[in-house]
Each structure stands twice: as C-alpha cells, then as structure tokens.
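**Student:** fold the following, please.
(2 chains)
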Amino acid sequence: MLKFLLNYIENAVSDKSVLRPPGAAPENEFLNKCIQCNKCLQICPYDSIVAAGLEFGTSYGTPIIIARDVPCYLCMLCPPICPTGALDNDLLEKEKVRMGIAKINEETCLPYLGIICRACFENCPIFRKAIILEDEMYPKVVEKYCVGCGICEHVCPVEGSAIIVKSYHNV
Amino acid sequence: MFNSEKFYRNLNKYRKAVQIFSILFLIAIPILILLDIRYIIGNMYSISFWDLNIVDPSMMVQTIVLSKEFYVPLLIAALIPITLALIFGKVFCSWMCPYNTLLELFELRWLKKIQRKFFNIKRKSNINPKPYVYWITYITLILITLIVGIPLFTWISMPGIISSEIFAAIVGLGIGVNTVIFGVVFLFEVIIGKRYWCKYICPVGATLSLVKTKYTMHINHNEDICNCAAKAEPCGNDCPLELNPKEKNLYPYCFNCGRCIKVCEVTGNKALSFLFVKKNKK
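**Tutor:** Next comes the predicted model:
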C-alpha cells in the first residue's frame, strides 16, 4: 500500500510530459517560478489553459494545456502577463513558441493506412511548414518549425489521436 | 480639520466596508471573465489592472528563494504592497485579507463562551509573545522551501487559496486540495478561537512586517491618560489577535486593525492612537 502510494507520488512528481502555456521555462524552472496566480488561465480567450489536478503531484494548481480537449490557438496573450517570468514575457511571435513537438503514430494515422486525411495538415497554424505532406499523401512533422500548439492533436479524427504533442523539454 | 475622535469611532465601519468590497471584488473577477471582460485578472497572489501588475511580496520572496534569481519586473510588481506596508504596516491583513474577514465573521459571542468553558480559560491580561517566535516560523518556512524545493508559500497562503478557489468555484473548474487545506486550517482556528495562523504562521503577513521603519504607522499608548489599567482591559479584550496594546513587543504581530483604538475612544479614554513617528518613551 505504502509502496503503491510512493510509486504514485513519484510518477506524479516526475511526470514532465505535460504541455505548458507558450513561453514556459523548462519544467523545473517553471515550477520554481509559477505562483499559481491563474492569470494566464484567466486571460486565455479559448479556455485552453486549465489548472492541473492532484494527479500531477506537486505541480497541482499550475497551468497546463490538454491539447486533445482544447489546444492552444497561439493568440499570445498569456506570456506578457506572467508576473514572475515563468512564461517568457518577451515572447510575442507565434512562430517562436516551443511548447512541444508533435509525433505521428504511423500505425494509426489514416493516410498511412490508405485513407485520405488532411486534418492536421490543413489546420496547422504554421501552415505548410510544421506539417508537410510527403507524396501529397503522408503527413510529416518538421521539428524545426513545430510549435507544439496541439491543434493537430485536437482535430485528428482517429480515436485517441494519431498525432500527439509531447512537451518540448521532455523530448 | 481632521476630527480624530470621529475617525477612530468610524474606523471599523470603513474597515468593514473595505473588507466586504475586497470579497465582492474577488467574486466579481470570475464573473467578469465569464462575461469575457478580461481587464482585471488575477487573485490574491498577483493581480493585474490593465497593464498594472501587483504581486504579493511573499510570492516575490518565494520566487527569489526557489529560482535564485532577481527578475526585475517581479520586484517592480511587488513595490506597491511593500510601499503600503512601509507606510501603514500590515494593513493588508486587517483591511483586505479574505481569511481575516471570514474569521472576524465567525467571532461569535456564544462560540467564545463555549471555548472559554471547554478549554477552561480564565481571562487574564494578554501577553505579547516575543518577536523571535514570529521570525522562527518564517525562517523555518523559507528553509523548507529552499531545501525541499516546493512552492510552500503558495500552498499555505490563505488569501491566495481563498481567492483562487472562489475563481475555480464560480468558473466551474472544480475545487480541490486547496479547499481541504483551507478547510482544515479554518475549522481549527474557529474551534480553538486563538488566531494562531495569523499570529504566528502566515508567511504573507510575515513578509509584510519585514518592511518597517520608525515612521511606519503604529499604535501608540499614552500611559499618562490611560486610566482603566488595573481594572479591565477593553483594548486587549477586543483585540482579534489577543495582543496587549499597552505592552511593548506589539509588533511584528499587530496588523493595525484599530479595534483597540475604537474601544478606547468609546470608553472615553483616549490613550490609544495611530502614530507615524515614534514618540520617545520615558
């Protein structure tokens, strides 16, 4: 029982795969600086940013983005209002955001199975740069340009999403 | 001309008005956000009025301790509360803190009676604890923050917890651990009725009482005209923190709510008053 609890806590504490709002410092630094003032969460017009629950261990209450529910639409309102610098205040261009990097699961992605689908390609805000179509068919992520907003993960028609954004500081 | 008698008599009314306004303000923020008006955002940790950023100084201390760097916009954002504390003392606690407002609401006469019977308290005159008790808890909290590396001040800051939970409850994010922490501390304080949290533990108040000069507003006791000394102590009896305004070591504990001054005015004794400059005692 105790071992289970410790394992649970350890997993929760070391879980660094969560998506942070744009401009977030590396996970440890972010946790040191975030005072949970909720301002990024309150200014977000799409309600993309939510407060982490208890399952995130010691980082509960800090802002996270669950891309499959509501992705970040890169309006860039939240970085300037962070009072402690947990989000980079000077970040204003959406192309410079590095929240995470999208990974395509080629086993479930529809084009790789022979069904035409361009959902992620057409919805990518860094259009024709971050997601390109190989042979006019197979989507590929260009890591150099991917900002990690999670819109692709949100629009993917496959159950559970065939394209998943992993935190930038964790890949 | 400034009518000090009228001012002191009405001081509590002004204070209650500000307290109610402060709570209504915390409720208004999430409602405005639901209406998509996002100019005044934040909570008691940090609040923004348009481009004006204000940060709780205790959060500034925590961020400096944890990240070990001085982020200039953060220092600037903490200037307004620090200046307020420099001039008026810990008035944030007595005039704005929602936790203090709630506890003052629960200062019920029948509850006090039960507490006195149950804990077998015989009312003696209050004794001001030595200041080092206050600083020991504060330094311990800072050391835990530093060694374990967790945002401890954020987790136990009562005004912050209350304000963020008000937001979460109204917006519908659901309430969680914070409410449990708040509930435990609050119930403990209401049942015991001693205000240990505000008096000894709260890091928000401790940070505010770090900044103090001899020109900071404080309660002055004029011994020459105080004439209910031996019989009763209306001032001490009304103090929410159970301090004794007549004795020394009133600070860093006192948060300048002015209830003792009001009682002193009402009894016709004018021995207590707010002063900005320290008078030399004999």
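**Student:** scan chain B for its longest helix.
**Tutor:** Longest helix in chain B by number of residues, with DSSP state H as the criterion: helix B:4-34.
**Student:** count of residues packed around residue 61?
**Tutor:** Because you didn't say which chain, this covers chain A. Residues contacting A:G61 under the criterion other C-beta atoms under 10 Å in any protein chain shown number 23. From N, CA and C alone the C-beta is placed, and that goes for glycine too.
**Student:** wrong one, chain B
**Tutor:** 21.
**Student:** who in chain A is up against chain B?
**Tutor:** Residues of chain A found near chain B (C-beta under 8 Å from any C-beta of the partner chain) are A:29, A:31-39, A:42-43, A:45, A:50-51, A:53-54, A:58, A:60-61, A:81, A:83-85, A:89.
**Student:** return a PyMOL selection command for the buried portion of those residues.
**Tutor:** The buried residues among these can be selected in PyMOL (16 or more other C-beta atoms under 10 Å in any protein chain shown) with this line:
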select buried, chain A and resi 29+31+32+33+34+35+36+37+38+39+42+43+50+51+58+60+61+81+83+84+85+89
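**Student:** how about residues contacting whichever helix or strand B:Q62 is part of?
**Tutor:** Assigned by DSSP states H and E, B:Q62 belongs to helix B:57-67. The contact list for helix B:57-67 (C-beta atoms under 8 Å, 6 or more residues apart in numbering or on different chains) reads A:29, A:32-33, A:35, A:37, A:84, B:45-46, B:70-71, B:74-75, B:77-78, B:81-82, B:85, B:142, B:145-146, B:149, B:151-154, B:157, B:160, B:203-204, B:206-208, B:211.
**Student:** buried only: go through those for me.
**Tutor:** When the contacts of helix B:57-67 are checked for burial by 16+ other C-beta under 10 Å, the buried set is A:29, A:32-33, A:35, A:37, A:84, B:45-46, B:71, B:74, B:77-78, B:81-82, B:85, B:142, B:145, B:151-154, B:157, B:160, B:203-204, B:206-208, B:211.
**Student:** thinking again about what came up before, kindly export the helix holding B:Q62 (C-alpha atoms) in CSV.
**Tutor:** These are the backbone C-alpha positions of helix B:57-67, laid out as CSV (Å, rounded to 0.1, in the frame of the first residue of the first chain):
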residue,chain,number,x,y,z
PRO,B,57,5.6,40.3,-1.7
SER,B,58,5.6,36.9,0.0
MET,B,59,5.3,35.4,-3.5
MET,B,60,8.3,37.5,-4.6
VAL,B,61,10.3,36.1,-1.7
GLN,B,62,9.3,32.6,-2.6
THR,B,63,10.2,33.0,-6.2
ILE,B,64,13.6,34.5,-5.4
VAL,B,65,14.3,31.7,-2.9
LEU,B,66,13.3,29.0,-5.4
SER,B,67,14.7,30.3,-8.6
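**Student:** how many neighbours does the residue in the stretch 51-200 of chain B that chain A sits nearest to have?
**Tutor:** Nearest residue of the stretch 51-200 of chain B to chain A: B:L66, at 3.9 Å (C-beta to the nearest C-beta). Using other C-beta under 10 Å, B:L66 has 24 neighbouring residues.
**Student:** tell me the contacts of the most centrally placed residue in chain A?
**Tutor:** Ranked by distance to the mean C-alpha position of chain A (C-alpha atoms, centre = their mean), the top residue is A:L19 at 3.8 Å. Going by C-beta under 8 Å, 6+ apart, A:L19 touches A:I64, A:I65, A:I66, A:A67, A:C72, A:M99, A:G100, A:G148, A:G150, A:V165, A:S167.
**Student:** go again using 7 Å as the cut-off
**Tutor:** Contact analysis of A:L19 by C-beta atoms under 7 Å, 6 or more residues apart in numbering or on different chains lists A:I64, A:I65, A:A67, A:M99, A:G100, A:G148, A:G150, A:V165, A:S167.
**Student:** next one: phi and psi at it?
**Tutor:** Per-residue torsions, A:L19: phi -80, psi 130 (degrees, to the nearest 10).
**Student:** so what's it closest to, chain neighbours aside?
**Tutor:** Distances taken as C-beta to C-beta, 6 or more residues apart in numbering or on different chains place A:I65 nearest to A:L19, at 4.3 Å, with adjacent residues excluded.
**Student:** just B:N249 next, same as before
**Tutor:** Nearest residue to B:N249 in three dimensions, chain neighbours excluded: B:N128, at 4.2 Å (C-beta to C-beta, 6+ apart).
**Student:** per-residue pLDDT, the one you found?
**Tutor:** The per-residue pLDDT reported for B:N128 equals 86.
**Student:** so it, which of the three states?
**Tutor:** Secondary structure for B:N128, judged by DSSP: H, G, I helix; E, B strand; the rest coil, is coil.
**Student:** toward the C-terminus, what is the element adjacent to the helix or strand of chain A with the lowest mean pLDDT?
**Tutor:** Of all helical and strand segments in chain A, the minimum by mean pLDDT, DSSP states H and E falls on helix A:2-14, at a mean of 59. Sequence-wise, the next helix or strand downstream of helix A:2-14 (DSSP H and E) is helix A:27-33.
**Student:** may I have the following helix or strand past that following helix exported as PDB, CA atoms only?
**Tutor:** Downstream of helix A:27-33, the first helix or strand assigned by DSSP H and E is helix A:39-43. Provided in PDB are the C-alpha atoms of helix A:39-43 (Å, rounded to 0.1, in the frame of the first residue of the first chain):
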ATOM      1  CA  LYS A  39      -3.700  35.000 -14.700                       C
ATOM      2  CA  CYS A  40      -2.700  33.000 -17.800                       C
ATOM      3  CA  LEU A  41      -5.700  30.800 -17.300                       C
ATOM      4  CA  GLN A  42      -8.000  33.800 -16.800                       C
ATOM      5  CA  ILE A  43      -6.800  35.800 -19.800                       C
END
